[in-house]
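Engineer: My questions are about this predicted structure, shown below with the sequence.
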Amino acid sequence: MCHWLLLCLSICNTVLGEFLYFLFSQPSCVIYYSVVRMTVFVGFLERYSELLSFLTSFLMLVVTAIYVYFTRKQAKSAQDAFLATVMHFKESKQPCIVPSIKRVKGCAFDASKYIRIQFTFNYQLDNVGDTPALSIYTIASMQLKYSQKENVVFAHLMPNYKHVIPVNSKVEDNFHFETEEFRSILEDIQISHIKNLKRIETDPSKPPYRCATLRLDIYYKNMQGQWYQTTMDQDLLDIQRQVRGEENSQENSKEEKFEYEDIDGQNINSGDILQGTMINPAYSHLKHKKIDEASVVAIIEKCEHLLD
């Protein structure tokens with residue numbers, strides 16, 4: 001706006017100067033006619049003073065509106081630059097959690113009224129990022145493919161929580177599925193086996209039917225408060241029961257070889273030891289992304305609600 005005002009004042013000053021120069025540098029006759037023309041001009045200004053005042057006010061309004069527009073645009077650009085700087089600062093150091101399944105074991109024992117089964121997954125979290133991971137929540141679920149009751153079953157007492165995982169450090173933990181969840185998982189796996197056997201007999205060229213998929217959702221934040229989510233999907237191929245085999249024949253060895261046999265949901269007895277087989281980690285899927293704090297809070301609250 002200052003530039004516009006300076007331009008207007010400069011134009012007015014130039015016009016006034018040229019007029020005065022013309023007025024006082026001409027012969028008297030010319031001056032007379034100039035005075036007459038000035039009188040007419042002044043009369044014109046008096047006659048249309050209100051219109052000229054309106055046009056002047058309108059012009060000032062337009063100039064002010066243009067000034068406000070460009071000022072707001074500059075302020076918006078400055079705000080965007082500030083927010084981009086803040087976001088860059090929050091993301092300059094990122095933790096990155098990589099989960100892995102170390103062992104899958106289960107056991108059955110007598111719970112007075114029924115055979116209780118606990119199917120346990122031991123897992124490891126590695127921080128391969130360049131800053132510590134804080135407030136780590138782990139939620140484990142099994143994605144079922146063929147169940148008639150439910151598509152997802154959650155592990156017991158979710159979420160697991162760790163306070164911090166330093167850079168280049170790892171922690172181990174475990175979660176387990178209880179009896180009803182285990183039976184749903186086992187049924188899903190057995191259905192996939194039946195479908196695959198039929199596929200091999202009828203059309204081996206068709207892609208195999210996938211088994212139940214273990215999903216780990218890990219939520220954590222960096223030191224600036226930016227939250228991240230790592231999701232791993234890995235198929236559970238089979239569940240078998242451990243049976244005692246032959247003793248190891250090597251000298252000074254007390255180890256025993258164990259064999260495994262297929263099971264179904266009806267022939268599990270108290271004392272049975274179960275073992276799960278995961279698909280090769282090379283065929284698992286891993287995703288890493290940013291997530292806002294409100295979404296994390298909602299997910300944790302929903303998960304805790306399942307415990308009620």
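Structural biologist: Yes, it's here. Numbers count the residues shown, from 1 in each chain.

Engineer: State the number of residues packed around Val171.
Structural biologist: 17 (other Cβ atoms under 10 Å). Where C-beta positions appear, they are placed from N, C-alpha and C, glycine not excepted.

Engineer: now swap in the one 10 residues further on and tell me
Structural biologist: Glu181: 20 surrounding residues under other Cβ under 10 Å.

Engineer: Quickly find the element holding it.
Structural biologist: Taking DSSP states H and E as the criterion, Glu181 maps to helix 179-202.

Engineer: quick one: average pLDDT of that helix?
Structural biologist: Averaged across helix 179-202, the pLDDT comes to 92.

Engineer: which helices and strands sit right next to the helix or strand just after it?
Structural biologist: On the C-terminal side of helix 179-202, the nearest following helix or strand under DSSP H and E is strand 213-221. Other elements packing on strand 213-221 under the criterion 3 or more Cβ pairs under 8 Å, 6 or more residues apart in numbering; DSSP states H and E are strand 97-110, strand 115-127, strand 133-143, strand 227-247, helix 293-305.

Engineer: Of all those, which one is nearest Glu172?
Structural biologist: Within those, the stretch nearest Glu172 is strand 115-127; the backing value is 5.0 Å (Cβ to Cβ).

Engineer: returning to that earlier point: show me how far the helix holding Glu181 is from its chain's centre.
Structural biologist: Relative to its parent chain, helix 179-202 has a centroid offset of 33 Å by Cα atoms, centre = their mean, to the nearest Å.

Engineer: Equivalent analysis for stretch 54-68, please.
Structural biologist: Taking the mean C-alpha point of stretch 54-68 and that of its whole chain, the gap between them comes to 47 Å (Cα atoms, centre = their mean).

Engineer: Using CSV, list the CA coordinates for it.
Structural biologist: C-alpha atoms of stretch 54-68 as CSV (Å, rounded to 0.1, in the frame of the first residue of the first chain):
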residue,chain,number,x,y,z
PHE,A,54,-17.0,8.4,-3.8
LEU,A,55,-14.6,7.5,-6.5
THR,A,56,-11.6,8.4,-4.3
SER,A,57,-13.0,6.4,-1.4
PHE,A,58,-13.7,3.4,-3.7
LEU,A,59,-10.2,3.6,-5.0
MET,A,60,-8.7,3.7,-1.5
LEU,A,61,-11.0,0.7,-0.6
VAL,A,62,-9.7,-1.3,-3.6
VAL,A,63,-6.1,-0.4,-2.7
THR,A,64,-6.6,-1.4,0.9
ALA,A,65,-8.3,-4.7,-0.2
ILE,A,66,-5.3,-5.5,-2.4
TYR,A,67,-2.9,-4.6,0.4
VAL,A,68,-4.8,-6.9,2.8
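
Engineer: quick check: mean pLDDT across it?
Structural biologist: In this model, stretch 54-68 has an average pLDDT of 81.

Engineer: Low-confidence regions, the chain specifically.
Structural biologist: Residue ranges of the chain with pLDDT under 70: 1-52, 82-92, 244-257, 265-266, 305-308.

Engineer: one step back: who are the packing partners of the helix holding Glu181?
Structural biologist: The contact analysis (3+ Cβ pairs under 8 Å, 6+ apart) places helix 179-202 against strand 115-127, strand 133-143, strand 152-154, strand 227-247.

Engineer: partner residues bridging the nearest residue to Asn160 once chain neighbours are set aside?
Structural biologist: Taking Cβ to Cβ, 6 or more residues apart in numbering as the measure, Asn160 lies nearest to Thr138, with 4.3 Å between them; neighbours along the chain are not counted. Note on Thr138: beta-bridge partners by DSSP bridges are Asn160, Ile218.

Engineer: I am finished for the moment; much appreciated.
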